[in-house]
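*Asks:* Following is a predicted model, sequence given first.
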Amino acid sequence: AARQDAIRCGSHGSAWFAHRCEGAVTHVEVRSATYKGSLVGGRKTVFPFGADPTTLRRVAVVEAPIDALSLAALEQAFDEVLYVATGGGMGPSTLIALRELLTRLHEAAGVLVSATDANEAGDRFALRHAELAAEAEVAFERLRPPEGLDWNDVLVRQRR
């Protein structure tokens with residue numbers, strides 16, 4: 001993710017996650033142990049990293065960038081999967097970015113994997129992802145962490 005300039009180290013131990021649309025940074029999420037926010041003036045789209053977006057076969061959608069990184073670490077499939085975080089919601093610009101990815105997936109006969117959190121909100125996002133995939137005529141899978149967890153929780157527990 002760092003080699004792809006998707007994440008940078010920020011001040012006070014924070015991580016900066018770049019949302020991109022067609023390669024351009026549109027928004028930056030900022031996270032640390034004690035802070036959750038964004039840089040002012042951006043337009044939230046998606047935080048992507050992993051496989052080359054022009055040769056998509058599998059896109060895994062999660063809620064938070066840390067979960068995208070964690071799922072990638074668990075799967076060890078960086079070159080085969082484009083990991084995408086929506087920043088916890090799906091506003092108009094996020095939907096546009098997801099639909100662009102779905103168009104590419106349709107052309108490549110790829111699959112959209114909804115890997116959102118294992119809670120009520122995550123299940124609602126997964127249903128919306130399934131609807132978007134159906135509209136685009138793209139195969140769909142639900143990859144759900146154990147009940148009540150997200151992929152970062154799974155990774156942390158595995159490494160203990």
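*Replies:* Thanks, I have the structure now. Numbers count the residues shown, from 1 in each chain.
*Asks:* Tell me which stretches of this protein form strands.
*Replies:* 7-9, 15-21, 24-31, 36-38, 47-50, 58-62, 82-85, 111-114, 139-142 (DSSP state E).
*Asks:* Can you tell me who the closest residue to Ala134 other than its chain neighbours pairs with across the strands?
*Replies:* In space, and not counting its chain neighbours, Ala134 is closest to Phe140: 7.0 Å by Cβ to Cβ, 6 or more residues apart in numbering. Where you see a C-beta, it was placed from the backbone N, CA and C, and this is true even at glycine. According to DSSP bridges, the partner residues bridging Phe140 are Leu112.
*Asks:* check contacts around Phe140.
*Replies:* Listed by Cβ atoms under 8 Å, 6 or more residues apart in numbering, the contact set of Phe140 reads Val111, Leu112, Val113, Ser114, His129, Ala130, Ala133, Ala134.
*Asks:* Check what pLDDT it gets.
*Replies:* If you check Phe140, the pLDDT there is 98.
*Asks:* Sweet, I'm off.
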